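# coords below, sequence missing:
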DNA sequence: CCCGAAATACGGTACTCACCGTACCTGAAA
DNA sequence: TTTCAGGTACGGTGAGTACCGTATTTCGGG
């Protein structure tokens, strides 16, 4: 809670207490190993044993820092790259670029598999839902920013439901990635952007 | 392939071969037990051992009919109810009712948890993706029907992209259910329907 | 038409395997 | 000497397999 970034669980040196201090490098090393395992083989290869072997530590060392594999996976998810935040001056262009960047990440990284797996665990572990909500929300920050700027510029009406608009943009993508397997093309992105803009009453330029 | 319904795997009596025929009741009994386990405790309580105990058969009897737990789960998913197909004469009313029915099922059955779990397994088992695509597609048949009828009545333009429209309607719902945990209200459904109708250029009535 | 052989399903049990998570012991830092 | 990190070994669960003895069917030969 006191460290620079506060992850799922207390960070490396909780309160500098009495006994032997934790190895200060282990936290990052474990997290990076977990992210790397995710990146190479998806969620299925992310096992605590594999992380421990990679870091050359024991499982206990991991479980002292993360209470469960899922917590570790959530933090590792945050290590995956985010699409760059565009700023082209128009919502339409920004949204196209941002969604395009998302698709690139979906193609180039195991982000989809990771998200799918985490969703699957969400069903089994409701106590985890809020953590996941937060993690997913964070991955939409860029999108939120683009929309807010558009409202600030007057491109979108002030009463725009940002949450709904984001869902209209991202929801169909996730549906195709997770459920139907339908292809995601540039044309689809264009159509989504148009539909969303029209839906919230943007001035058609 | 020759039976009335052809599930994931060959049905009860494949070709009436040499040996002892399979118990014709086991197939349904296993499937119903699996569906019931899903309905009571979600995906996590669906274990092959539990199904076997419920049906009073051996695991081998199950594995003789389904090659894996996942195949069984997919077929059990199809046992969950579908929302009733509305026919009120207008797309707007039909869509509202249909989506409302979906939400009811999401609230009253473990459908969400089941879908989440299956999505999670999709990441781990790409060979399964096409089967899942099919199963999810089937659960959108009603929606497709409503849209097609609207096109037939001229309420929607003939060039409407039905697939895209379905994604625009369902995608945001799934996003909230699976990722953000945001609430799903009647207002949201109304907004989705309006957005989708405007998006595909329906005559605003 | 009858009988044996081959083929296949059945229940049951025990097993392997993988993996999560924990108990316990050892040793280092304060 | 106390406190806590690290390592090892273990328990537990659940998927999927192997195998046994038995039951039930088809087929081929008498």
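Sure, I can see it. Bear in mind that the values here come from a model prediction, so they are computed numbers and not experimental data.
# quick one: what helix or strand has the one residue in chain A that gets nearest to chain B in it?
Proximity of chain A to chain B (C-beta to the nearest C-beta) peaks at residue A:120, 1.4 Å away. C-betas here are computed from N, CA, C, even on glycine. Assigned by DSSP states H and E, residue A:120 belongs to helix A:111-124.
# Then residue A:106?
helix A:91-108.
# which of the residues in that helix are buried?
For helix A:91-108, the neighbour count (16 or more other C-beta atoms under 10 Å in any protein chain shown) marks A:91-92, A:94-99, A:101-103, A:105-106 as buried.
# Reformat these as a markdown table; add pLDDT and distance to DNA strand D.
Below are the buried residues of helix A:91-108 laid out as a markdown table (pLDDT from 0 to 100; distance: C-beta to the nearest atom of the strand, whole Å):
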| residue | pLDDT | distance to DNA strand D |
| --- | --- | --- |
| A:91 | 96 | 47 |
| A:92 | 97 | 47 |
| A:94 | 97 | 45 |
| A:95 | 98 | 41 |
| A:96 | 97 | 42 |
| A:97 | 97 | 42 |
| A:98 | 97 | 39 |
| A:99 | 97 | 36 |
| A:101 | 96 | 36 |
| A:102 | 95 | 32 |
| A:103 | 94 | 32 |
| A:105 | 91 | 30 |
| A:106 | 90 | 27 |
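# show me which of those residues neighbour chain B.
When C-beta under 8 Å from any C-beta of the partner chain is applied, no member of those is adjacent to chain B.
# Residue A:193: which of the residues you listed is nearest?
residue A:95 (4.7 Å; C-beta to C-beta).
# ok, and the closest non-adjacent residue to the closest one?
Closest residue to residue A:95 apart from its sequence neighbours, by C-beta to C-beta, 6 or more residues apart in numbering or on different chains: residue A:193 at 4.7 Å.
# At the geometric centre of chain A, which residue sits there?
Nearest to the geometric centre of chain A sits residue A:139, at 4.0 Å (C-alpha atoms, centre = their mean).
# which ones are touching that residue?
residue A:82 (C-beta atoms under 8 Å, 6 or more residues apart in numbering or on different chains).
# quick one: it and DNA strand D, what's the gap?
Distance, residue A:139 to DNA strand D, using C-beta to the nearest atom of the strand, to the nearest Å: 30 Å.
# Just give me how far the one helix or strand in chain A whose mean pLDDT sits lowest sits from the chain centre.
The weakest-scoring helix or strand in chain A, judged by mean pLDDT, DSSP states H and E, is helix A:111-124 (a mean of 82). Taking C-alpha atoms, centre = their mean, to the nearest Å, one finds helix A:111-124 lying 11 Å from the centre of the chain it belongs to.
# same for it, what does it pack against?
helix A:69-77, helix A:129-138, helix B:111-124 (3 or more C-beta pairs under 8 Å, 6 or more residues apart in numbering or on different chains; DSSP states H and E).
# so the first one versus helix A:111-124, what angle?
Angle of helix A:69-77 versus helix A:111-124, following axes from the mean of the first three to the mean of the last three C-alpha atoms, to 10 degrees, is 150 degrees.
# Quick one: list the elements packing against helix A:69-77.
The contact analysis (3+ C-beta pairs under 8 Å, 6+ apart) places helix A:69-77 against helix A:26-41, helix A:48-55, helix A:111-124, helix A:129-138.
# is that helix anywhere near DNA strand C?
Yes. Remark: helix A:69-77 sits within contact range of DNA strand C at A:69, A:70, by C-beta under 7 Å from any atom of the strand.
# do the same with the second one
No. Applying C-beta under 7 Å from any atom of the strand, one finds that helix A:129-138 is not in contact with DNA strand C, the shortest distance being 13.6 Å.
# ok so, going back, and the residue nearest to residue A:95, what is it in contact with?
Contacts of residue A:193 by C-beta under 8 Å, 6+ apart are A:92, A:95, A:96, A:99, A:169.
# hang on, isn't the third one packed against residue A:189?
Meaning residue A:96. Yes. Using C-beta atoms under 8 Å, residue A:96 makes contact with residue A:189 at a distance of 6.1 Å.
# Phi first, then psi, for residue A:156.
Main-chain torsions, residue A:156, degrees, to the nearest 10: phi -120, psi 150.
# Give me the nearest residue to it, chain neighbours excluded.
residue A:150 (4.5 Å).
# what do you get for residue A:177?
Distances taken as C-beta to C-beta, 6+ apart put residue A:112 closest to residue A:177, at 5.3 Å, once the chain neighbours are dropped.
# domain assignment for chain A?
Domain ranges of chain A: A:1-79, A:91-199, per automatic domain parsing.
# least reliable of those going by mean pLDDT?
For the domains of chain A, the stretch scoring lowest in mean pLDDT is domain A:1-79; its value is a mean of 80.
# Tell me who's in contact with residue A:62.
Counting by C-beta under 8 Å, 6+ apart, residue A:62 touches A:30, A:48, A:51, A:52, A:55, A:72.
# Would you reformat the residues you listed as CSV and include neighbour count?
Converted to CSV, the contacts of residue A:62 look like this (neighbours: other C-beta atoms under 10 Å in any protein chain shown):
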residue, neighbour count
A:30, 23
A:48, 16
A:51, 26
A:52, 18
A:55, 19
A:72, 25
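# still on that earlier bit, which residues does the least confident helix or strand of chain A contact?
Identification of contacts with helix A:111-124 by C-beta under 8 Å, 6+ apart yields A:38, A:42-44, A:70, A:73-74, A:76-77, A:80, A:105-106, A:128-129, A:132, A:135-136, A:177-178, B:42-44, B:112-114, B:116-124, B:178-179.
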